[in-house]
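Visitor: Coordinates for the following, if possible.
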Amino acid sequence: MEKQELREILKETLQEFLVIEPVELARKFEDGEMVLQPGNPSLKPYRLPIESFFHKIVMIRDRLRVLEAKINAHPKLSDQEKVEFEQYITRIYGSLTSFNILFEDREDGFKGTGGQKEYE
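Guide: Residues are numbered from 1 along each chain as shown. You can find the predicted model right below:
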C-alpha cells in the first residue's frame, strides 16, 4: 500500500469517527434546573437550566473524542507517546462518569477504565 492510499484511508476513518451524533438528555431532567447553593445562606444560589449544563458536558465529551482521534493520527508521535496520551484521556473520561446520569442512552456517556489498573 502506498503512503497516499494509507492517508486517504486514515482520513476517511477519522471523518467517520468525528461525526458528532446528537445525544439526548435523560427525560427525567427535561425542563430541570441545576442549583448550586452556597454554604453561606446570605449568598444567592446559582441556577442554570440543566439543558445548558448538559450541552456543556456533551461539548467536553465531543472535544475529547476529537483530541483522541488527532493524537492517534499524529504522524510525529511515537506509539508509546500515543498510548500515554490515550491513558490520560481515559482517566479524564473516568473522572466525568458521574455525569452519565444525564444521558438518556448510557452508551452516549463517558467510559473510563472501569476500575481496571492501567499499565505504564
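Visitor: other SSEs contacting whichever strand or helix holds residue 69?
Guide: In the assignment (DSSP states H and E), residue 69 maps to helix 50-73. Where contact means 3 or more CB pairs under 8 Å, 6 or more residues apart in numbering; DSSP states H and E, helix 50-73 is packed against helix 3-18, strand 33-36, helix 79-95. Placement of C-beta: from N, CA and C, glycine included.
Visitor: Of all the ones you listed, which one comes closest to residue 27?
Guide: Closest approach to residue 27 among the helices and strands packed on helix 50-73 is made by strand 33-36 (15.4 Å; CB to CB).
Visitor: ok now the closest one, how far from the chain's centre?
Guide: 22 Å (CA atoms, centre = their mean, to the nearest Å).
Visitor: what about the closest residue to residue 85 other than its chain neighbours, distance to residue 83?
Guide: The shortest distance from residue 85 to any non-neighbouring residue, by CB to CB, 6 or more residues apart in numbering, is to residue 71 (4.8 Å). Shown here: residue 71 relative to residue 83, a distance of 10 Å by CB to CB, to the nearest Å.
Visitor: Repeat that for residue 48.
Guide: 37 Å.
Visitor: low pLDDT regions in this protein?
Guide: Filtered on pLDDT under 70, the chain yields the residue ranges 11-12, 14-21, 114-120.
Visitor: phi, psi of the residue lying farthest from the centre of the chain?
Guide: Distance from the C-alpha centroid of the chain peaks at residue 42, with 36.1 Å (CA atoms, centre = their mean). Phi and psi for residue 42, reported as degrees, to the nearest 10, are phi -80, psi -10.
Visitor: Same question for residue 47.
Guide: phi -120, psi 140.
Visitor: And residue 100, by the same measure?
Guide: According to degrees, to the nearest 10, residue 100 has phi -60, psi -20.
Visitor: residues touching it, list them.
Guide: 106, 109, 110 (CB atoms under 8 Å, 6 or more residues apart in numbering).
Visitor: Those residues in strands, which ones?
Guide: Residues of those located in strands (DSSP state E): none.
Visitor: Separate out the buried members of the residues you listed.
Guide: Buried subset of the contacts of residue 100 (neighbour count, 16 or more other CB atoms under 10 Å): 109, 110.
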